[in-house]
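Student: here you go, sequence then predicted model.
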Amino acid sequence: MPLSDTQRFAAVDIGSNSIHLAIAERHGDQLKRVASMSEKVQLAMGLDAHNQLSPAVMERGFECLQRFAGRLGDVNSAHLRVVATNTLRRAANSQAFIAHANDILPAPIEIISGREEARLIYLGVAHTCPSNKQRLVVDIGGGSTELIIGQNFTPLLTESTQIGAVSFSQQFFGDGVISALAFEKAIYAAQKEVIKFASLYKKTGFDEALGSSGTIKTIGQALAGFGLGEEITLAGVEQLKASLIACAHVNEIEMEGVKAHRKAIFPAGVAILLAIMKVFGIRLLRYCDGALREGVMYDMLSRMDFHDVRDDSVAAIIDRFGVDKKQAKRVAKTAAQLFNQVQSALSLPADGEQMLKRAALLHEVGLAIGHSGYHKHGSYLLRHADMAGFSRTDQEKLSLLVRYHRRAINMDDCERVIKAGGVALSYLALLLRLSVVANYGRFELSKQQIQLAVDDNHWHITVKIDRPEHQACVINIQDEAHWFAKWGIELTVMGA
């Protein structure tokens, strides 16, 4: 009997070297993988000197995603996440790729930051290879390498470095020649990148080291082929380096576990791992068959079970920047009430309520920098902060909501918001403006104080007037009518 869609989760990981799909079945608080696909699209190879993805590599990506989409018929789109990493973070024309890919897949692509990628990788490793020990996790990808120290399911340190097997292959082994000099240059470059983290990581400490993803898996298989066992030792990787130099060219690599499509990037992966093991004093490393896509699915599971790390991130920012919690909660309460009143009429997505709530809680965060233009300061902070659980895509939406919650807005601003999140995001921006201005007096409003009704592009506000300050609320909302008109919305307000 086929599984119901509520039992299935799926994750698509658009990496610099490969694009992966994993589908899993839920068993309580655990996920069991039931299907997986992986294709070596090598997006990073398609980046030119101006960080433009070539049409040919984009087409390879679209063809891969089209095949993956055919496997997602039994998965509810609410249980699917598509994340993109280093190459789409760097690509100047990434939005062109994403726009077309979003027409193929049943869920939108989310570009995630390097640290969010590290957090999700650790989550995947921690669930796949559970332990109470404090551990260092190393994930060598095509375009970046993530370094994480954590214990149980909690990451303690997360870093993403700009070294990867594809990028280093182009830089140091681009002609396919494997020489001692090329190896030393690659190792030095990798050491230079990671050594800045060594002091803090060594001070924090770790009891064991694990590696995840394809490069480290391949290194482990190659060492096993040498009869050196399943564990990856520093001495073994040094021996692997010597064997690769003896091959002299990537086409001559004949080692167990090193598939044809991995030969070109294998020496670079070995050089990066050697550099990391030397810098962090790792003598022994074990491979774990859990990584980003598993972490993405467990993160979805956590959100469903009412522990959303995004709320922890919002709370941490509120504390860090001294946001007025009482006012933040007043605005968030009004925003939720208005959202529920018009969700159906405006066809707002269910997850829009949480996006609006988080923007309401953070709308004054920019006051920590300065009062003048604080909405702009807050917008900048939210766009660039490391916020666990948020994709860059969602941080951009959050940033725009905060940016336009006050002061002048025009049609160009509306178009910018719609481009980032569709018409629904523009409606959320207007709902936030109403919520902020309604609470301008910084006093509590009752649950039925403000009523909003929508008739096409005409929004009707009714304010129940129990006290003199409620009349001021009417006047403040009336002042918004001019700006709402700039976005094509007629706003009327009356007291009752």
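Tutor: Nice, thanks for sending it over.
Student: buried stuff in whichever helix or strand residue 312 is part of?
Tutor: Assigned by DSSP states H and E, residue 312 belongs to helix 309-320. The neighbour-count check on helix 309-320 (16 or more other C-beta atoms under 10 Å) flags 309, 310, 311, 313, 314, 317, 318 as buried. C-betas here are computed from N, CA, C, even on glycine.
Student: closest one of those to residue 376?
Tutor: residue 317 (16.6 Å; C-beta to C-beta).
Student: got the contact list for the closest one?
Tutor: 323, 362, 365, 381, 385, 387 (C-beta atoms under 8 Å, 6 or more residues apart in numbering).
Student: go again using 10 Å as the cut-off
Tutor: By C-beta atoms under 10 Å, 6 or more residues apart in numbering, the contact set of residue 317 is 323, 358, 361, 362, 365, 368, 378, 381, 382, 385, 387.
Student: host element of the last one?
Tutor: The reference is to residue 387. Per DSSP H and E, there is no helix or strand for residue 387.
Student: start the count at 51, not 1, going forward
Tutor: Okay, residue one is now 51; in that scheme the one you just asked about reads as residue 437.
Student: need phi/psi at it.
Tutor: Note on residue 437: its backbone torsions stand at phi -120, psi 100 [degrees, to the nearest 10].
Student: kindly report the same for the first one.
Tutor: When quoted as degrees, to the nearest 10, the phi and psi of residue 373 stand at phi -70, psi 140.
Student: where in the stretch 51-200 of the chain is pLDDT low?
Tutor: Within the stretch 51-200 of the chain, the set of residues satisfying pLDDT under 70 comprises 51-56.
Student: residues contacting the nearest residue to residue 241 once chain neighbours are set aside?
Tutor: Leaving aside its sequence neighbours, residue 241 sits nearest to residue 325 (C-beta to C-beta, 6 or more residues apart in numbering; 4.5 Å). By C-beta under 10 Å, 6+ apart, the contact list for residue 325 reads 195, 213, 218, 236-245.
Student: how about the strands in the protein?
Tutor: 58-64, 69-77, 80-89, 130-134, 159-161, 184-190, 195-201, 204-211, 258-262, 282-283, 334-337, 500-505, 508-513, 540-545 (DSSP state E).
Student: distance of residue 71 relative to residue 131?
Tutor: Between residue 71 and residue 131 the computed distance is 11 Å (C-beta to C-beta, to the nearest Å).
Student: so what secondary structure elements neighbour the single longest helix found in the chain?
Tutor: Using DSSP state H to define each element, the chain has its longest helix at helix 461-488. Using 3 or more C-beta pairs under 10 Å, 6 or more residues apart in numbering; DSSP states H and E, the elements in contact with helix 461-488 are helix 375-396, helix 402-412, helix 442-453, strand 500-505, strand 508-513, helix 518-528, helix 531-536, strand 540-545.
Student: go again with 7 Å.
Tutor: With contacts taken as 3 or more C-beta pairs under 7 Å, 6 or more residues apart in numbering; DSSP states H and E, helix 461-488 sits against helix 375-396, helix 402-412, helix 442-453, helix 518-528.
Student: any chance of the ones you listed in TSV, with mean neighbour count, distance to residue 267 and mean pLDDT too?
Tutor: Below are the helices and strands packed on helix 461-488 laid out as TSV (neighbours: other C-beta atoms under 10 Å; distance: least, C-beta to C-beta, whole Å; pLDDT from 0 to 100):
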stretch	mean neighbour count	distance to residue 267	mean pLDDT
helix 375-396	18	45	98
helix 402-412	23	36	98
helix 442-453	23	28	97
helix 518-528	16	59	90
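Student: Throw those into TSV and include distance to residue 251, thanks.
Tutor: Output for the helices and strands packed on helix 461-488, formatted as TSV (distance: least, C-beta to C-beta, whole Å):
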stretch	distance to residue 251
helix 375-396	34
helix 402-412	31
helix 442-453	25
helix 518-528	52
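Student: that concludes my questions; thank you for your assistance.
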